[in-house]
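Trainee: Sequence and predicted structure are below.
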Amino acid sequence: MSFEVRCPACHRVETWDAEPEPHRVEVRLEGGSRRPIDPLPLAAWTTLAGTLRSPRQQAFGPCPACGQPLVAHTTEVAPRAYRLELEGPHLDFDAERFTGPEGEMTPEEARRFVRQHLPPGEAGGTRLAFASVAAGFALLIATCWLFALAFFVFFVFYGAATGQVFDMRW
């Protein structure tokens with residue numbers, strides 16, 4: 001039996017064979033050029049926590065192109081463990097739980113643990129800054145467009161009311 005694994009971060013697609021254990025058969029889409037917006041450990045936590053919420057998704061180890069977890073939509077094959085390497089300690093994930101230095105953790109405790117141990121400079125605040133600037137530009141463009149539309153409508157109705165727009169006598 002073969003099944004497809006995908007990397008949600010870089011969009012790599014591989015077909016794995018399940019006999020005797022999962023191993024790569026074919027790389028169908030290379031991937032690797034796209035990176036997640038969040039810091040890499042936090043993006044990996046998001047993917048792994050998503051596999052806990054979905055009964056049909058399972059993690060199958062790191063992507064060879066970007067290091068994020070590969071995910072498959074199958075329950076017929078046993079998933080592989082994934083290790084989140086952080087500054088100092090690490091966080092292990094198997095199919096059902098996160099395990100840190102102090103033992104088993106809930107997904108929310110694991111998220112806090114990952115955020116606390118991110119490398120310096122990877123706070124993840126760039127998404128908010130980019131979204132703020134993009135929203136500001138979009139608001140500026142929309143305001144200018146609405147002002148131009150209102151000016152045009154006013155000009156046409158004012159000219160029509162005074163008879164100056166449609167009077168083509170020169």
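Mentor: Nice, I can see it.
Trainee: For the chain, which residues score under the pLDDT cut-off?
Mentor: Scanning the chain for pLDDT under 70 picks out 19-26, 32, 75, 119-127, 163-170.
Trainee: dump the residue contacts of the residue nearest to the spatial centre of it.
Mentor: Nearest to the mean C-alpha position of the chain, by C-alpha atoms, centre = their mean, lies Pro36 at 5.6 Å. Contacts for Pro36 (C-beta atoms under 8 Å, 6 or more residues apart in numbering) come out as Ala9, Ala43, Gln68. Glycine gets a C-beta too; all of them are placed from N, C-alpha and C.
Trainee: show me the contacts for the second one.
Mentor: Going back to what we said before, that points to Ala43. Ala9, Pro36, Ile37, Gln68.
Trainee: Next, it: secondary structure please.
Mentor: helix (DSSP: H, G, I helix; E, B strand; the rest coil).
Trainee: I'd like the distance between it and Phe154.
Mentor: 50 Å (C-beta to C-beta, to the nearest Å).
Trainee: Kindly report the same for the last one.
Mentor: Using C-beta to C-beta, Gln68 is found at 54 Å from Phe154.
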